[in-house]
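**Q** need a 3D model of the following:
(chains A and B)
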2 protein chains.
Amino acid sequence: MATMTMSATCAQPLAARKVRAAKRNVVTRAARDGPVIIGLAADSGCGKSTFMRRMTSLFGGKATPPEGGNPDSNTLISDTTTVLCLDDYHLNDRNGRKESGLTALNLKEQNFDLMYDQVKALKEGKAVEKPIYNHVTGVFDPAEKIESPDILILEGLHPFADERVRDMFDFKIYLDISDDVKFAWKIQRDMAERGHSLESIKASIEARKPDFDEFVDPQKQYSDVIIQVLPTQLIPDDNEGKILRVRMIMKEGVENFDAPYLFDEGSTISWIPCGRKLTCSYPGIKFFYGPDTFFGEEVSVLEMDGQFDKLEELIYVESHLSNTSTKFYGEITQQMLKYQNGPGSNNGTGLFQTLCGLKVRELYERISEKEVVAAA
Amino acid sequence: MATMTMSATCAQPLAARKVRAAKRNVVTRAARDGPVIIGLAADSGCGKSTFMRRMTSLFGGKATPPEGGNPDSNTLISDTTTVLCLDDYHLNDRNGRKESGLTALNLKEQNFDLMYDQVKALKEGKAVEKPIYNHVTGVFDPAEKIESPDILILEGLHPFADERVRDMFDFKIYLDISDDVKFAWKIQRDMAERGHSLESIKASIEARKPDFDEFVDPQKQYSDVIIQVLPTQLIPDDNEGKILRVRMIMKEGVENFDAPYLFDEGSTISWIPCGRKLTCSYPGIKFFYGPDTFFGEEVSVLEMDGQFDKLEELIYVESHLSNTSTKFYGEITQQMLKYQNGPGSNNGTGLFQTLCGLKVRELYERISEKEVVAAA
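**A** Residues are numbered from 1 along each chain as shown, chains lettered A, B, ... in the order given. Prediction:
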């Protein structure tokens, strides 16, 4: 009898889900030609490259700079994806910015006309000759040829600042690192590893902040998903920045995107998985899920505070998330393990970046009507 | 693809549940002869009779006083259940208590020897001649004959006070109404309906309290399930006592009882079902579930704050509870509707009393190896 009851409670949500599936944001028009275009906005030094590795690996094949090209190229190409770094569309090189007196964060230092022309051409299936901004030398190297890929990913400071470029994206992601966490990370890297002083780190962050707030931060409002990285709330007054609270803010009604959720879609839930069945080490793990508004628009928020210390914890959490777009049981765990040495692999940054990647894969499959074979 | 993911997330917990089922508190010995014995401890005027109606109705048939007997009998008999009121085991009648100077709450005013002898006899399948304490006249009426039933329910002030009686129960329930709520209820009934003054109500509660705390309250620690009724926390400083926060505290490791839970057994969860998919009227509904300790023992707590204003809300909540021991989808909702005019039918008291009834039905089926046909 106990089993009967369980089947009943399990079968019902399934049936309800099938009904709901009809209402989901699936666009059923014929497959579209040209690449699916994904944007990732984030500050420098915030783990964009880790994020990109997590995402491209879901499409199979290794992502490498263009073969036989400039070793300082910022481009990463795999079988189906091409990741372009928007720094290549800087208007001036380092000396030019010294003359203009503007930072690379300033919209006036971006060549949005060229960015627009080239993204449009790639979208139409044409190849382009894209500049290379050499981060080592600070000058532009000779252009490299970029073919139109299946999936075009644009990452950088300003993917959504220019309206013409913004409108070409199929999916827009913003990686939002809070000032407290940025500061903690910079201390870790620049003070502990590079010998900078606390004062010089503070000064460099303060100097950057006004332009960042004016030119980069406003793009959040145009994004479909914002991954916010904040200090933990599990340890009172923590300022180490080692344990993180990460929020995945997901806009409602985005085409071909159904937000992942915890237990019950649309309600408000907090969940501490650590308890009788799963033991966690201090300070534990806490999830939150619920509706909210963001820049006046309806969003769902999925939040994880704390970190995974044992594989068991990760599998347990994965098994309780819904709408994850995995292709087999345990795919999130497998993906997180693949990059277990990368930053954020044991916390919400890795989890939500992986989730984002899975959602992008599904979005690509829906738009292109092609199937991606899950990586073994 | 989305459907595939859903099946996977749904199928896994089911498989896991099957494994867990082996570890559950099912006693597999051969069916036992004699009645299954259930105890309900609670103060007078706290809704015991509603609770009893909810419970006996799950076993089918109408519960009525013994046919052709004393119309003032406190006993309720249906096809399978017999509910005895422990007031029948008072040692003295009303005049006798005036002489002794003790209240009916005092252990010295209970005839525990007779109670033990008669419960033991009923357990052994024998009929007894049980006294009737007449609540109208305050004296003992001639005894009534009670046959040994399939399910014997003992309700009253002191079911678990005497160790010999306590040890005979298969399941022990304590209905715990907090002082604030008792006071609010008494004001509603005695002041609004009977014209008593606020002062006299306060005085009567205060006069009762020391004996209640000394002789009734300590039985909580022996109970398998405690239903605690508290003022709501959804409205700051509410003292109306209309909206209630109700907690079902369930001891771990009770034979033939598997605690109901919300979403994920053994973890800590708070859930506000009201949101995008379900809208609720003010102040909404909030659930909590999690492990705790109670009198030094491991317990699970399931909590509901708020009330159901629409049928939809009740069905929605039912569909998200697990381990409820229902026999068909929607049985909790159907049961609550059956007594929709009874007190607590739209809040946690009705919900958890119904849940208790379903668990008792399952417990009876496991012990007796008989099947109860669900009421239509």
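**Q** please make it C-alpha for all contacts and neighbour counts, starting now.
**A** OK.
**Q** just grab the bridge partners of residue A:285 for me.
**A** As for beta bridges, residue A:285 partners with residue A:306 under DSSP bridges.
**Q** OK, contacts around it?
**A** A:272, A:273, A:274, A:304, A:305, A:306, A:307, A:308 (CA atoms under 8 Å, 6 or more residues apart in numbering or on different chains).
**Q** buried members of these into PyMOL, please.
**A** To isolate the buried members of these in PyMOL, using 16 or more other CA atoms under 10 Å in any protein chain shown:
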select buried, chain A and resi 272+273+274+304+305+306+307+308
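**Q** could the contacts of residue A:285 be laid out in JSON lines, adding pLDDT and distance to residue B:154?
**A** Shown next, in JSON lines, are the contacts of residue A:285 (pLDDT from 0 to 100; distance: CA to CA, whole Å):
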{"residue": "A:272", "pLDDT": "96", "distance to residue B:154": "38"}
{"residue": "A:273", "pLDDT": "94", "distance to residue B:154": "39"}
{"residue": "A:274", "pLDDT": "92", "distance to residue B:154": "39"}
{"residue": "A:304", "pLDDT": "98", "distance to residue B:154": "48"}
{"residue": "A:305", "pLDDT": "97", "distance to residue B:154": "48"}
{"residue": "A:306", "pLDDT": "96", "distance to residue B:154": "48"}
{"residue": "A:307", "pLDDT": "94", "distance to residue B:154": "50"}
{"residue": "A:308", "pLDDT": "93", "distance to residue B:154": "49"}
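**Q** going along the chain, name the strands of the stretch 51-200 of chain A.
**A** Along the stretch 51-200 of chain A, counting by DSSP state E, counting those that start in this stretch, strands occupy A:76-77, A:81-85, A:128-133, A:140-146, A:151-156, A:171-177.
**Q** and residue A:346, which of those is closest to it?
**A** strand A:171-177 (16.9 Å; CA to CA).
**Q** could the C-alpha coordinates of the closest one be exported in PDB?
**A** Output of strand A:171-177 as PDB, limited to C-alpha atoms (Å, rounded to 0.1, in the frame of the first residue of the first chain):
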ATOM      1  CA  PHE A 171      20.300  33.900 -25.000                       C
ATOM      2  CA  LYS A 172      22.000  36.500 -22.800                       C
ATOM      3  CA  ILE A 173      23.900  35.600 -19.600                       C
ATOM      4  CA  TYR A 174      25.400  38.100 -17.100                       C
ATOM      5  CA  LEU A 175      28.000  36.800 -14.600                       C
ATOM      6  CA  ASP A 176      27.700  39.300 -11.600                       C
ATOM      7  CA  ILE A 177      30.400  39.100  -9.000                       C
END
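**Q** turn the strands of the stretch 51-200 of chain A into JSON lines, including mean neighbour count and distance to residue B:215.
**A** Shown next, in JSON lines, are those (neighbours: other CA atoms under 10 Å in any protein chain shown; distance: least, CA to CA, whole Å):
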{"stretch": "strand A:76-77", "mean neighbour count": "21", "distance to residue B:215": "77"}
{"stretch": "strand A:81-85", "mean neighbour count": "24", "distance to residue B:215": "75"}
{"stretch": "strand A:128-133", "mean neighbour count": "19", "distance to residue B:215": "83"}
{"stretch": "strand A:140-146", "mean neighbour count": "15", "distance to residue B:215": "85"}
{"stretch": "strand A:151-156", "mean neighbour count": "24", "distance to residue B:215": "71"}
{"stretch": "strand A:171-177", "mean neighbour count": "24", "distance to residue B:215": "59"}
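**Q** would you reformat the ones you listed as CSV and include distance to residue B:343 and mean pLDDT?
**A** Formatted as CSV, the strands of the stretch 51-200 of chain A follow (distance: least, CA to CA, whole Å; pLDDT from 0 to 100):
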stretch, distance to residue B:343, mean pLDDT
strand A:76-77, 67, 92
strand A:81-85, 63, 95
strand A:128-133, 74, 97
strand A:140-146, 73, 96
strand A:151-156, 61, 96
strand A:171-177, 51, 96
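**Q** as TSV, these with distance to chain B would be great.
**A** Output for the strands of the stretch 51-200 of chain A, formatted as TSV (distance: least, CA to the nearest CA, whole Å):
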stretch	distance to chain B
strand A:76-77	27
strand A:81-85	21
strand A:128-133	35
strand A:140-146	32
strand A:151-156	20
strand A:171-177	18
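**Q** residue A:102: neighbouring residues, count only.
**A** 15 (other CA atoms under 10 Å in any protein chain shown).
**Q** in terms of pLDDT, where does the closest residue to it other than its chain neighbours sit?
**A** Nearest residue to residue A:102, sequence neighbours excluded (CA to CA, 6 or more residues apart in numbering or on different chains): residue A:109, at 7.2 Å. We note a pLDDT of 97 for residue A:109 in this prediction.
**Q** ok, residue A:109 - contacts?
**A** A:90, A:91, A:92, A:97, A:102, A:103.
**Q** any idea how far residue A:88 is from it?
**A** From residue A:109 across to residue A:88, the span is 11 Å (CA to CA, to the nearest Å).
**Q** repeat for residue A:185
**A** 26 Å.
**Q** these two: which has the busier surroundings?
**A** The residue with more neighbours, out of residue A:185 and residue A:88, is residue A:88; 24 against 17, by other CA under 10 Å.
**Q** hmm, residue A:132 and that one touching each other?
**A** Yes: counting by CA atoms under 8 Å, residue A:88 touches residue A:132, with 5.0 Å between them.
**Q** shared neighbours, these two?
**A** Joint contacts of residue A:88 and residue A:132 (CA under 8 Å, 6+ apart) are residue A:74.
**Q** doesn't residue A:40 fall inside a strand?
**A** Yes: using DSSP: H, G, I helix; E, B strand; the rest coil, the assignment for residue A:40 is a strand.
**Q** SS state for residue A:300?
**A** Residue A:300 is classified as strand under three-state DSSP.
**Q** now do the contacts for the residue nearest to it when sequence neighbours are not counted.
**A** Distance criterion CA to CA, 6+ apart; nearest residue to residue A:300, sequence neighbours excluded, is residue A:291 at 4.4 Å. Counting by CA under 8 Å, 6+ apart, residue A:291 touches A:266, A:267, A:268, A:298, A:299, A:300, A:301, B:275, B:276.
**Q** residue A:278: how many residues sit nearby?
**A** Residue A:278 has 13 nearby residues by other CA under 10 Å.
**Q** distance check, it against chain B.
**A** Distance of residue A:278 to chain B, given as CA to the nearest CA, to the nearest Å: 8 Å.
**Q** these two touch, right, that residue and residue A:314?
**A** No: the pair residue A:278 / residue A:314 is not scored as a contact, 10.6 Å apart, by CA under 8 Å.
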